[in-house]
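In: Make a model of this:
(one chain, ligands or ions: 1)
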Amino acid sequence: MMIRDIAATRKYCRFTADGKIYNGILHGNMVDLIEGDLLSGFSTLRMSYPLDHVKLLPPITPTKIWCVGRNYVGHVRELEHDVPDEPLIFMKPLTSIVGNNDPVRVPEWAGRIDYEGELAVIIGKRCHKVPETEALSFVAGYSCFNDVTARDLQNLDGQWTRAKGFDTFGPFGPVVLLTNRMPAAAAVTTRLNGLAVQRDVLSNMIFSVSRIISHISMFATLEPGDVIATGTPEGVGRVRQGDKVEVEIDGIGILSNPFITDHT
Ligand code: MG
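Out: Numbers count the residues shown, from 1 in each chain. Modelled structure (predicted):
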């Protein structure tokens, strides 16, 4: 599929309007309501909202959040690690998820906080021990993800659960592009206050989406609603309170989040 063709691919979203939660299909500046949902099937209703009248939510509530570390050569080198022989897998808690435009809350004691723009895969069907050649048939679609990381705590702890597990450290959205294969030439771009700080094409991932799915499925069952963040390109850097981070992936859209001091 060429990049220009994915403009016609449907974009699934969840949103609130008039105090209720709906699922919908975004097209242009309108959101068409649907009956049903991404994982159990849906049909379009004859009712729409203008996009600027709704508040987008995370496009699904994940079942689990899997992540891949060190999956672009440039990023492995910038953090002075070796290129891994197989995908390095970790998880984020479900409470890390927030949607488009939701604030990422940063505690002042947590030290350096980094953005990590990433492609997210949404699993649509249960799978266990699938070969790479069949792996993409279990994909429901793709979205943008920001694997926000407390870099000092990651180095201090020696494992990553606290550093990547804070509430709001998993911005996800704005939509799910309903396709089981992304074009190799599609790029993931991260902008900090409007300035591009990360940009690479998906074909530069060390481990492809099919390899990652196959790898995880060898030790754990992937379930409908599982989300896999596939790793970040070179150019990770610090975010400060008051900054805005955008993660854009060709054909999907822009995930935008302000970073604020945590006063909760
Ligand atoms: Mg990451």
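
In: C-alpha from now on. contacts and neighbour counts both.
Out: Noted.

In: Neighbouring strands - and their directions - for the helix or strand hosting Arg46?
Out: Remark: Arg46 resides in strand 41-50, with elements defined by DSSP states H and E. Applying DSSP bridges, strand 41-50 is found paired with strand 30-37 (antiparallel).

In: What lies in contact with the strand it pairs with?
Out: The set of residues external to strand 30-37 that reach it, using CA atoms under 8 Å, 6 or more residues apart in numbering, is 22-26, 42-51.

In: pretty sure Leu26 belongs to a helix, no?
Out: No. Counting by DSSP: H, G, I helix; E, B strand; the rest coil, one finds Leu26 to be strand, located in no helix.

In: That one - how many residues pack around it?
Out: Leu26 has 22 neighbouring residues, counting by other CA atoms under 10 Å.

In: before we move on, the earlier item: most neighbours among the contacts of strand 30-37, please name it.
Out: Of these, with other CA under 10 Å as the count, Gly24 tops at 29 neighbours.

In: tell me which parts of the stretch 1-150 of the chain are close to the ion?
Out: Neighbours of the ion within the stretch 1-150 of the chain, by CA under 5 Å from the ion: Asp147.

In: Okay, now the unreliable bits of the stretch 1-150 of the chain?
Out: With pLDDT under 70 as the threshold, the stretch 1-150 of the chain has low-confidence stretches at 1-8.

In: pLDDT score assigned to the residue of the stretch 151-264 of the chain found nearest the ion?
Out: For the stretch 151-264 of the chain and the ion, the shortest gap (CA to the ion) falls at Gly231, measuring 4.5 Å. Confidence per residue is given as pLDDT, and for Gly231 that number is 97.

In: Could you pull up the residues touching it?
Out: Shown in contact with Gly231 (CA under 8 Å, 6+ apart): Cys67, Val68, Gly69, Arg70, Asn71, Tyr72, Glu116, Gly117, Glu118, Leu119, Met205.

In: from those residues, which ones fall inside strands?
Out: Counting by DSSP state E, the members of the contacts of Gly231 that fall within strands are Cys67, Val68, Gly69, Gly117, Glu118, Leu119.

In: Helix or strand next in line after the strand holding Arg46, which one?
Out: From strand 41-50 onward toward the C-terminus, using DSSP H and E, the following helix or strand is strand 55-57.

In: buried sites along that following strand?
Out: In terms of neighbour count (16 or more other CA atoms under 10 Å), strand 55-57 has its buried residues at Leu56, Leu57.

In: any idea where the helices of the chain begin and end?
Out: In the chain, the helices defined using DSSP state H lie at 73-78, 132-135, 151-157, 161-165, 209-217.

In: From the chain's centroid, how far away is the first one?
Out: So the one you mean is helix 73-78. Here the centre of helix 73-78 is set off from its chain's centre by 20 Å, with CA atoms, centre = their mean, to the nearest Å.

In: With the fourth one instead?
Out: Taking CA atoms, centre = their mean, the mean C-alpha location of helix 161-165 is offset from the chain mean by 16 Å.

In: Show me what it is packed up against.
Out: Helices and strands in packing contact with helix 161-165 are listed as strand 88-92, strand 149-150, helix 151-157; criterion 3 or more CA pairs under 8 Å, 6 or more residues apart in numbering; DSSP states H and E.

In: what does the first one contact?
Out: With contact meaning CA under 8 Å, 6+ apart, strand 88-92 is reached by 64-70, 160-161, 164-165, 170, 216.

In: partner strands of that strand, parallel or antiparallel?
Out: strand 65-69 (antiparallel).

In: Ok, the second one next?
Out: Strand 149-150 has the following sheet partners, assigned by DSSP bridges: strand 113-115 (antiparallel).

In: tell me which residues in stretch 169-188 are buried?
Out: Buried residues in stretch 169-188, defined by neighbour count with 16+ other CA under 10 Å: 169-183, 186-188.

In: Could you tell me how many residues sit around whichever residue of the stretch 1-150 of the chain sits closest to the ion?
Out: As assessed by CA to the ion, the ion sits closest to Asp147 within the stretch 1-150 of the chain, at 4.9 Å. Asp147 has 26 neighbouring residues, counting by other CA under 10 Å.

In: I'd say it and Leu119 touch.
Out: No. Using CA atoms under 8 Å, Asp147 is not in contact with Leu119; the gap is 10.0 Å.
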